[in-house]
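Colleague: Dropping the sequence and predicted coords here.
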Amino acid sequence: MTVYRLFVANDLSSDREIVPSAAQAHYLLHVLRLSEGSQVLLFDGSNGEWAAGIASVKKRSCLLRVTGRVREQTPAQDLHYAFAPLKQARLDYMIQKAVEMGASVLQPVMTARTAVPRPNIERMRANAIEAAEQCGILAVPGINAPVKLETLLKACENRRVIVFCDENAPTASPLEGIKKLQGRKPTALTGPEGGFSPEERELLLSKDFVYPISLGPRIMRADTAGVAALALINAVLGDWR
């Protein structure tokens, strides 16, 4: 039987008692229909994964008692994902898939053609937590406040390399290009639905730490491009090796 995983904003330790949020309690008691004595797994992003049992149940709440650690904390891979925010449903999908693909930091980037001027950071975080609970990782990725493209470039200079998904790049094997970045800290970058403006693309290509890659002969939607780029980076530089 599948044991439900729950992210809690507590420092977990043996015998600690945890009161889940109202939404978490509703899910445990009324969606999963768990009862007193049922087992769950908890993680807080810092102290590994812990077994816990439902110690008591009320109509709309419950108490969890931690019994022991089942997995030690492991470090997240150093893979950042920078993206132009999309409209709600597709942004939800993109956040969830980026977490599943191992992104450790999610960075919204505001571009000339970004369709969403004020992305909902709390909604992004909720989607990231849900994805982390489902895919078995022990840390929830950090979600940064939106920045302009110029700010992202300044932050990455001398620190990280940007793998720029450029639909105008020559169609060639992106794996060969990414192999050249061995030993560097990667940030995948995808643009908005309308692509980067000519001025933005010129700015990106002027930086020696920006590496344009093609994602093949087909033009992908922005959310699909993000998954493809993260998969390629994982295959060459990340935890798929």
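Modeller: Great, that's in hand.
Colleague: Buried residues of the helix or strand of the chain at the bottom of the mean pLDDT ranking, list them for me.
Modeller: Taking mean pLDDT, DSSP states H and E as the measure, helix 174-179 is the helix or strand of the chain with the lowest mean score, a mean of 88. Buried residues in helix 174-179, defined by neighbour count with 16 or more other Cβ atoms under 10 Å: Pro174, Gly177, Ile178. For glycine as for every other residue, the C-beta is placed from the backbone atoms N, C-alpha and C.
Colleague: Nearest to Asp208, out of those residues: which one, please.
Modeller: Nearest to Asp208 among those: Gly177, at 14.2 Å, using Cβ to Cβ.
Colleague: my guess is the closest one meets Ala229, correct?
Modeller: No: between Gly177 and Ala229 there is no contact under Cβ atoms under 8 Å: 11.6 Å.
Colleague: so what's in contact with those two at the same time?
Modeller: Residues touching both Gly177 and Ala229 (Cβ atoms under 8 Å, 6 or more residues apart in numbering): Ile213.
Colleague: Okay, domains of this structure per the record?
Modeller: According to automatic domain parsing, the chain comprises the domains 5-71, 80-236.
Colleague: Just say which of those is most tucked in.
Modeller: Mean neighbour count, computed with mean count of other Cβ atoms under 10 Å, is highest for domain 80-236 among those, reaching a mean of 18.
Colleague: so how many other residues sit close to the closest residue in space to Asp239 that isn't next to it in sequence?
Modeller: Leaving aside its sequence neighbours, Asp239 sits nearest to Gln77 (Cβ to Cβ, 6 or more residues apart in numbering; 5.2 Å). Around Gln77 there are 15 other residues, counting by other Cβ atoms under 10 Å.
Colleague: Do a quick rundown of the strands in this protein.
Modeller: 5-7, 17-18, 39-43, 49-57, 62-71, 80-83, 105-110, 142-143, 147-148, 161-165, 186-190, 210-213 (DSSP state E).
Colleague: where in this protein is pLDDT low?
Modeller: 1 (pLDDT under 70).
Colleague: run the last query once more with 50
Modeller: For the chain, no stretch is flagged by pLDDT under 50.
Colleague: Please, where are all the helices along the protein?
Modeller: 22-26, 88-100, 121-135, 149-156, 174-179, 198-205, 222-236 (DSSP state H).
Colleague: got the contact list for the most centrally placed residue in the chain?
Modeller: Residue closest to the average C-alpha location in the chain (Cα atoms, centre = their mean): Val99, at 3.0 Å. By Cβ under 8 Å, 6+ apart, the residues touching Val99 are Leu106, Asn127, Ala128, Ala131, Ala132, Cys135, Ile137, Val140, Pro141.
Colleague: Next, the distance between the ends of stretch 43-54.
Modeller: For stretch 43-54, the separation between the terminal residues is 15 Å (Cα to Cα, to the nearest Å).
Colleague: what sits up against it?
Modeller: 5-13, 18, 28, 34-42, 62-73, 132, 138-140.
Colleague: before we move on, what about stretch 223-239?
Modeller: 77, 79, 81, 83, 86, 90-91, 93-94, 97-98, 101-103, 163, 165, 174-175, 178-179, 181-182, 184, 186, 188, 190, 213, 215, 220, 240-241.
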